[in-house]
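*Asks:* Can you look at this prediction? I've put the sequence above it.
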Amino acid sequence: MSSISDNLQAVLAHIHAYALESGRDPSQVELLAVSKTFGAEAVLQAAAAGQRRFGENYLQEALDKIQAVQAMAPQWPLEWHFIGPIQSNKTRPIAEHFAWVHSVDREKIARRLSEQRPDHLPALNICLQVNISGEESKSGVLPAEALDLAQQIACLPRLSLRGLMAVPEASDDQQQQRLAFRQLKELSQSIQAAGIALDTLSMGMSSDLHAAIAEGSTMVRVGTAIFGSRNYAR
């Protein structure tokens with residue numbers, strides 16, 4: 001059974017190869033290690049292998065893990081990204097403990113994050129979550145409403161609107177995968193054309209990494225390929 005360190009190096013090698021294959025600079029694609037359902041020890045193993053950015057979906061689990069990791073390894077300044085659904089009554093701890101939030105899909109959430117971001121911290125980096133495939137079961141702003149939301153968020157203090165995030169409908173067809181990611185990239189370009197600067201496309205996971213990088217992803221969110229299969233009973 002391969003170690004987290006071995007898995008991490010394999011994922012980084014895939015990112016490097018896929019970027020070169022797409023005619024892109026591999027340094028333009030950042031890896032977010034999605035550590036949800038895995039404990040602080042797993043994060044520390046990845047951190048020891050050089051990983052610094054970690055993504056979490058479940059708030060209480062994340063807060064406990066952040067505290068434990070900081071206590072065990074204060075020498076590593078890790079960057080925590082919240083990538084899960086956000087309830088309005090949970091915005092304060094997210095604003096206080098994370099550097100990035102990828103899952104903002106309405107103005108109310110963004111406004112609360114802005115109001116609750118501590119003054120001593122840098123601006124909170126924000127990605128709008130877009131429901132690019134129009135699935136009823138998925139969170140995210142609809143593509144047609146994304147520009148309006150981006151314009152509202154861009155005006156809020158203590159937030160830095162960085163880009164778009166999506167979790168497209170699952171497919172084993174790489175052309176289908178690429179189509180969804182291309183739609184997100186084109187939406188980002190249209191928002192930029194309206195005068196809002198964006199530099200991040202948070203798209204691509206373990207199963208569709210290749211397609212996402214080919215279509216311009218700047219941040220891939222990989223969990224299973226690094227940490228192994230998840231046991232949600234944990």
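*Replies:* That came through, no problem. Residues are numbered from 1 along each chain as shown.
*Asks:* can you pull out the helices in the chain?
*Replies:* Taking DSSP state H, the helices of the chain run over residues 4-21, 40-48, 59-72, 91-97, 107-116, 146-154, 174-193, 209-214, 224-227.
*Asks:* Report the angle between the longest one and helix 146-154.
*Replies:* Which is helix 174-193. 50 degrees (axes from the mean of the first three to the mean of the last three Cα atoms, to 10 degrees).
*Asks:* Which of the residues in helix 174-193 are classified as buried?
*Replies:* By neighbour count on 16 or more other Cβ atoms under 10 Å, the buried set for helix 174-193 is 176-181, 183-185, 187-188, 191. Quick note: C-beta positions are derived from backbone N, CA and C, even for glycine.
*Asks:* What of the shortest one?
*Replies:* Of the residues in helix 224-227, those with enough neighbours to count as buried (16+ other Cβ under 10 Å) are 225-227.
*Asks:* now the third one
*Replies:* Applying a neighbour-count criterion of 16+ other Cβ under 10 Å, the buried positions in helix 59-72 are 59, 61-63, 65-66, 69.
*Asks:* what sits up against that helix?
*Replies:* Contact with helix 59-72 is made by 35-37, 39-40, 43-44, 47, 56, 76, 78, 80, 82, 84, 90, 93-94, 97, as judged by Cβ atoms under 8 Å, 6 or more residues apart in numbering.
*Asks:* Can you tell me what sits against stretch 141-153?
*Replies:* Residues outside stretch 141-153 that contact it (Cβ under 8 Å, 6+ apart): 104-107, 110, 126, 128-132, 134, 159, 161, 164, 183, 187, 190-191, 194, 196, 198.
*Asks:* Now stretch 158-165: average pLDDT?
*Replies:* The predicted model gives stretch 158-165 an average pLDDT of 98.
*Asks:* With just CA atoms, put that stretch into CSV.
*Replies:* Extracted C-alpha coordinates of stretch 158-165, given in CSV (Å, rounded to 0.1, in the frame of the first residue of the first chain):
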residue,chain,number,x,y,z
ARG,A,158,-12.2,42.3,3.6
LEU,A,159,-12.9,40.0,0.7
SER,A,160,-10.9,39.4,-2.4
LEU,A,161,-12.9,37.8,-5.2
ARG,A,162,-10.4,35.5,-6.9
GLY,A,163,-12.4,33.3,-9.3
LEU,A,164,-14.9,30.5,-9.9
MET,A,165,-15.3,27.0,-8.6
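*Asks:* which residues touch it?
*Replies:* Stretch 158-165 is contacted from outside by 83, 100, 102-103, 110, 113-114, 117, 119, 123-130, 146, 150, 153-154, 184, 187-188, 191, 196, 198-203, 218, using Cβ under 8 Å, 6+ apart.
*Asks:* now those: which count as buried?
*Replies:* 83, 100, 102-103, 110, 113-114, 117, 124-130, 146, 150, 153-154, 184, 187-188, 191, 198, 200-203, 218.
*Asks:* Below-threshold pLDDT in the protein: ranges please.
*Replies:* Scanning the chain for pLDDT under 70 picks out 233-234.
*Asks:* Of the contacts of helix 59-72, grab the buried ones for PyMOL.
*Replies:* Command for PyMOL, covering only those of the contacts of helix 59-72 found buried under the criterion 16+ other Cβ under 10 Å:
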select buried, resi 35+36+37+40+43+44+47+56+78+80+82+84+90+94+97
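*Asks:* State the distance from the residue lying closest to G204 once chain neighbours are set aside to A33.
*Replies:* Spatial nearest neighbour of G204, excluding adjacent residues (Cβ to Cβ, 6 or more residues apart in numbering): A212 at 2.5 Å. Going from A212 to A33 by Cβ to Cβ, to the nearest Å gives 16 Å.
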